[in-house]
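In: let's see this in three dimensions:
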Amino acid sequence: MDDMSEGILRVTNHRNHPTNPYYKVFFFYIDEQADYFESLLKESEIWYERDLDTSRGKNMHLFGIKMTHLREVDKLNYLAIGKYRKPIFENKNIRYGVVIFGLFLITLGVISYFFSPIYQN
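Out: Reported below is the predicted structural model:
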């Protein structure tokens, strides 16, 4: 489906239905994520339609959801994405390094504020 193009930066995994304004289409590229999302929909007893698109060389799982269930399905969508997402920095040392560097920059900014000529007047 060409209308599911993500552009340069994919921010969300849902779009308005191309032909029916009463539906929202959620899409997943990871099979486990899509299956987990489907199981959450079944547990919540939310009606949906599922389809598989392979037109771009990789599987895209599509779920058509009625707009009346959008708030609840948004929560389920975040659960499915969160369960299978990878952290930005998988190495713990790099994660701690980024936090320490951020704290260093904040401390440097606070110290420079107190030693600036504007503060001393």
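
In: tell me where the protein is predicted with low confidence.
Out: Low-confidence segments of the chain, defined by pLDDT under 70, span residues 1-10, 119-121.

In: how about the helices in it?
Out: Per DSSP state H, the chain has helices spanning 31-43, 70-84, 92-114, 117-120. These are given in chain order.

In: with distance to Arg50 and mean neighbour count added, can I get these in a markdown table?
Out: Where you see a C-beta, it was placed from the backbone N, CA and C, and this is true even at glycine. Written out in a markdown table, the entries for these read as follows (distance: least, CB to CB, whole Å; neighbours: other CB atoms under 10 Å):
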| stretch | distance to Arg50 | mean neighbour count |
| --- | --- | --- |
| helix 31-43 | 6 | 16 |
| helix 70-84 | 13 | 15 |
| helix 92-114 | 36 | 10 |
| helix 117-120 | 61 | 7 |
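
In: can you redo the ones you listed as a markdown table with distance to Pro21?
Out: As requested, the helices of the chain are exported to a markdown table (distance: least, CB to CB, whole Å):
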| stretch | distance to Pro21 |
| --- | --- |
| helix 31-43 | 21 |
| helix 70-84 | 12 |
| helix 92-114 | 43 |
| helix 117-120 | 55 |
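
In: quick one: closest of those to Lys58.
Out: The closest of the helices of the chain to Lys58 is helix 31-43. By CB to CB, the value is 10.6 Å.
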